[in-house]
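Sequence and predicted structure, then a few things I'm wondering about:
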There are 2 protein chains.
Amino acid sequence: MTSPTRQLEGPVLIIGSGLLGASVGLGLSNLGYRVYLSDISPTTEAVAQDIGAGQSLRALAAEGKQMQEPQLVVVSSPPDVTAELVVQALADYPDAWVIDLASVKSGILADIQASGADSSRYLGTHPMAGREKSGPVAARGELFSARPWVLCPHPQVNPQLIKLASQLVVELGATVSLMEAEEHDQTVALISHVPQVMSSLLASRLQDTPLYALGLAGQGLRDTTRIAASDPGLWVQILAANAQPVVQTLYGVREDLERLIRTLEAPASPGARLDIAQLISEGNHGVARIPGKHGGAPKAFRQLTVLVDDTPGTLARLLVTIGELGVNLEDLRLEHSPGAQVGMAELSVNPNQHDKLMSDLTSLGWKVVK
Amino acid sequence: MTSPTRQLEGPVLIIGSGLLGASVGLGLSNLGYRVYLSDISPTTEAVAQDIGAGQSLRALAAEGKQMQEPQLVVVSSPPDVTAELVVQALADYPDAWVIDLASVKSGILADIQASGADSSRYLGTHPMAGREKSGPVAARGELFSARPWVLCPHPQVNPQLIKLASQLVVELGATVSLMEAEEHDQTVALISHVPQVMSSLLASRLQDTPLYALGLAGQGLRDTTRIAASDPGLWVQILAANAQPVVQTLYGVREDLERLIRTLEAPASPGARLDIAQLISEGNHGVARIPGKHGGAPKAFRQLTVLVDDTPGTLARLLVTIGELGVNLEDLRLEHSPGAQVGMAELSVNPNQHDKLMSDLTSLGWKVVK
């Protein structure tokens, strides 16, 4: 067996040309690599070729052409079938590296290791990009820009594959993050899967709420339920595949929830208020640990909220004004105002620029709400 | 006893000159009404006068001056002490209307009715504005712009007071919403208090998570934990005061959580996947009921995400460009990109403008990520 080369040169065979696979294909094709596409669905494969993600294997076969041996196989399939597709690819292409993109890793790794396949040529990866949509039509070559992409080395992996996969990640605009498969699964359980569960648990309470009551909803409800719009089919697979780490975290949530319920059943009893304060306070500590913009320490920016009416260009004018005042906008959120033709632009700025910006904007006629 | 007049003329006495009270004072003072301020803390009262929210009663007394009889008393205090302050005001000012601004209503109403005070001159209200900050320094006259303000008529209230309170609300820029006190409490439990609880429950799980793991966090975690930064002191009072409606909703959450935990403990068992799918699906239904922009039916806007680098003015330039392309921006969210000096601007536009905007922006050199 020829030793696989360490530099990414292509060709790359993508097995599974849905959103992620087709986006990888697009990105690599735009960079000049030769890309082949294979999908269980002929339509998905054909559409991916149409959008420029690579050459469909079915189309090649129909033209009587041969595929060149791939240097790298990228398996981009639902978690349920990923391990078997990796094992198949390791067998079909004995000179190729094989990576996968599934959002859970340790179960897949265990299945591959148990199969007896040559796992030295396999590396599990997970690009943390591209949530809500699906299918090749939604694919973008830029999907991975500035996103983290986790690589999960295991004891048998050839170090050259880690280098090659890192090169792939960087060329697609993402940043490499290294983690063991089990730690990866615990991490995504905490930062992605349990938030999904909490959002769905909350949103499902709204099913029978009268619409005029929901009309009073502010940003708090919108923020906490936004991801409740996720696709059930996808999330069934993810939660089932990552059940253990997710349920471990949910045990802790259940415990805290039980304690709060008991407290609220007797809110005047001694210690009740302290209990409630402790929950909110622990939440304060947790959320304060989430890195701020650009991954740095969470900074204490100050907010001000400006009323923007709904005419086109108003928000743009506000941002231009802020730029002309020499203030750097650290973050921006648009808030909905129920029942009125206005929005609220919540601006985050450096604390020492806050007060002057507030008074400057007010002098210029902007309504600074808070 | 002179029958209180129905038109808002002032003077208005504000009892409790923290964020809400001082903002009401500022708004009314800017509209030309005579406003008096009274707060249990001399500093809070003095600061509120300093920012222009009205005349401090202590300062008046020190100058040997008399307060004019108020037409309206606004009690703006923590829920714990609101009922007693309302009862006191009804007694001290037998010709005045009295309203309160507390975020829970039925307990306060019950206490006032039980006291034997003249509740025909009392109306419970709740301006749904001004979350995170506190204290008079943060007060803004515009705080209530385009926000809902709930009025809670009860069987004894004089209809003239409802008219007068409505006028106050409208003059301060808010929109009137009418609800019975109990329905108000159930509503805010669902759309404000339980979301706070869920966010805090989730965020408290992050306390021991390594920072490099939190570095992988995306918008999902940020959105669901944003309000976990709320003030414990305030929320202890709110949750204790609204314990019954909150705990009723939490019983439902606990039930769903239990069912999910059992399912995830045996994810391969028959019906497990259906169970999970059902939870996500119910969440879909719930979140889809939340009104869209301007309170209308949630519209199916389409999103595209554009990479914006961190140099000043880039975001403004993007918005100007979009305006020049004749596209109306329905919503805008800035997403954090961990570890890179860029941000992602998620734009919501009319579905039939989406594809052309995507290709126009790409032609103009913008990186459309998805």
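That came through fine.

Would you mind confirming that residue A:229 is in contact with residue B:286?
No. Residue A:229 lies out of contact with residue B:286 (Cβ atoms under 8 Å); the separation is 9.7 Å. (Glycine included, C-beta is placed from N, CA and C.)

Please say which of the two ends up with more neighbours.
More neighbours surround residue B:286 than the other of residue A:229 and residue B:286, with 24 against 18 (other Cβ atoms under 10 Å in any protein chain shown).

Could you pull up the residues touching the more buried one?
A:202, A:203, A:204, A:205, A:206, A:207, A:209, A:225, A:228 (Cβ atoms under 8 Å, 6 or more residues apart in numbering or on different chains).

what about it, which SS state?
When classified by DSSP: H, G, I helix; E, B strand; the rest coil, residue B:286 comes out as helix.

quick one: low-confidence ranges for chain A?
Along chain A, the model assigns pLDDT under 70 to residues A:1-6, A:131-133, A:293-299, A:312, A:336-341.

can you pull out the strands in it?
Applying DSSP state E to chain A gives strands spanning A:12-15, A:35-38, A:55-56, A:72-75, A:97-100, A:122-127, A:148-152, A:175-178, A:302-309, A:331-336, A:342-349.

need those in a markdown table with mean neighbour count, can you?
Converted to a markdown table, the strands of chain A look like this (neighbours: other Cβ atoms under 10 Å in any protein chain shown):
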| stretch | mean neighbour count |
| --- | --- |
| strand A:12-15 | 27 |
| strand A:35-38 | 26 |
| strand A:55-56 | 22 |
| strand A:72-75 | 26 |
| strand A:97-100 | 27 |
| strand A:122-127 | 25 |
| strand A:148-152 | 24 |
| strand A:175-178 | 18 |
| strand A:302-309 | 19 |
| strand A:331-336 | 19 |
| strand A:342-349 | 21 |
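
possible to save these as a markdown table with distance to residue B:60?
Listed next are the strands of chain A as a markdown table, based on distance: least, Cβ to Cβ, whole Å:
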| stretch | distance to residue B:60 |
| --- | --- |
| strand A:12-15 | 78 |
| strand A:35-38 | 79 |
| strand A:55-56 | 83 |
| strand A:72-75 | 76 |
| strand A:97-100 | 75 |
| strand A:122-127 | 66 |
| strand A:148-152 | 61 |
| strand A:175-178 | 62 |
| strand A:302-309 | 32 |
| strand A:331-336 | 38 |
| strand A:342-349 | 36 |
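
quick one, which of these is nearest to residue B:134?
Closest of these to residue B:134 is strand A:302-309, at 13.9 Å (criterion: Cβ to Cβ).

For that closest one, give me every contacting residue.
Contacts of strand A:302-309 (Cβ under 8 Å, 6+ apart): A:314-315, A:318, A:334-335, A:341-351, A:354, A:357-358, A:361, A:366-370, B:132, B:142, B:145-146.

burial count for the residue of the stretch 1-150 of chain A found nearest chain B?
Ranking the residues of the stretch 1-150 of chain A by distance to chain B (Cβ to the nearest Cβ) places residue A:146 first, at 3.7 Å. The tally of other residues near residue A:146 (other Cβ under 10 Å) stands at 24.

Next, it: phi, psi?
For residue A:146, the backbone dihedrals (degrees, to the nearest 10) come out as phi 60, psi 20.

so it touches residue A:172, yeah?
No. If you go by Cβ under 8 Å, residue A:146 and residue A:172 don't touch, sitting 10.7 Å apart.

My guess is residue A:257 contacts residue B:253. True?
Yes. Using Cβ under 8 Å, residue A:257 is in contact with residue B:253, at 6.9 Å.

neighbours around residue A:104, how many?
Residue A:104: 26 surrounding residues under other Cβ under 10 Å.

sorry, that was for residue A:162
Residue A:162: 18 neighbours (other Cβ under 10 Å).

That one: what's it in contact with?
A:123, A:151, A:153.

same question, residue A:139
Residue A:139 touches A:19, A:22, A:23, A:25, A:26, A:48, A:51, A:53, counting by Cβ under 8 Å, 6+ apart.

quick check, nearest of these to residue B:215?
For the contacts of residue A:139, the closest approach to residue B:215 (Cβ to Cβ) belongs to residue A:23, at 22.4 Å.

what about residue A:246, distance to residue B:267?
According to Cβ to Cβ, to the nearest Å, residue A:246 stands 9 Å off from residue B:267.

Looking at these two now, which is surrounded by more residues?
More crowded of residue A:246 and residue B:267, by other Cβ under 10 Å: residue A:246, with 27 against 19.

so who does that one touch?
A:189, A:193, A:194, A:197, A:239, B:264.

same question, residue A:191
Going by Cβ under 8 Å, 6+ apart, residue A:191 touches B:209, B:213, B:214, B:216, B:217, B:218, B:220, B:221.

Overlap of the contact sets of residue A:246 and residue B:267?
By Cβ under 8 Å, 6+ apart, residue A:246 and residue B:267 have these common neighbours: residue A:239.

Go through stretch A:165-173 and flag the buried ones.
Judged by neighbour count using 16 or more other Cβ atoms under 10 Å in any protein chain shown, the buried positions of stretch A:165-173 are A:165, A:166, A:168, A:169, A:172, A:173.

try stretch A:323-331
A:323, A:327, A:329, A:330, A:331.

Among these, which ones are in helices?
residue A:323 (DSSP state H).

Distance-wise, check residue A:114 relative to residue A:108.
As for residue A:114, its distance to residue A:108 is 11 Å (criterion: Cβ to Cβ).

So for the two, which sits in the more crowded spot?
Taking other Cβ under 10 Å, residue A:114 and residue A:108 do not tie; residue A:108 has more neighbours (26 against 11).

Pull the contacting residues for that one.
Contact criterion Cβ under 8 Å, 6+ apart gives A:79, A:82, A:83, A:86, A:100, A:102, A:124 as the residues in contact with residue A:108.

go with 10 Å
Contacts for residue A:108 were tallied using Cβ atoms under 10 Å, 6 or more residues apart in numbering or on different chains; they are A:75, A:79-86, A:100, A:102, A:122, A:124, A:152, A:181, A:185, A:241.

now swap in residue A:63 and tell me
residue A:55.

Over to residue A:89?
A:13, A:15, A:38, A:70, A:73-75, A:96-100, A:117, A:121-122.

just residue A:141 next, same as before
Counting by Cβ under 10 Å, 6+ apart, residue A:141 makes contact with A:22-31, A:51-53, A:172-173, B:367-369.

mind checking the longest helix of chain A?
helix A:243-265.

got the buried residues for it?
Using 16+ other Cβ under 10 Å as the test for burial, helix A:243-265 gives A:243-247, A:249-250, A:253-254, A:256-257, A:260-261, A:263-264.

follow-up on the earlier one: which neighbours do residue A:257 and residue B:253 share?
Joint contacts of residue A:257 and residue B:253 (Cβ under 10 Å, 6+ apart) are A:201, B:197, B:198, B:201.
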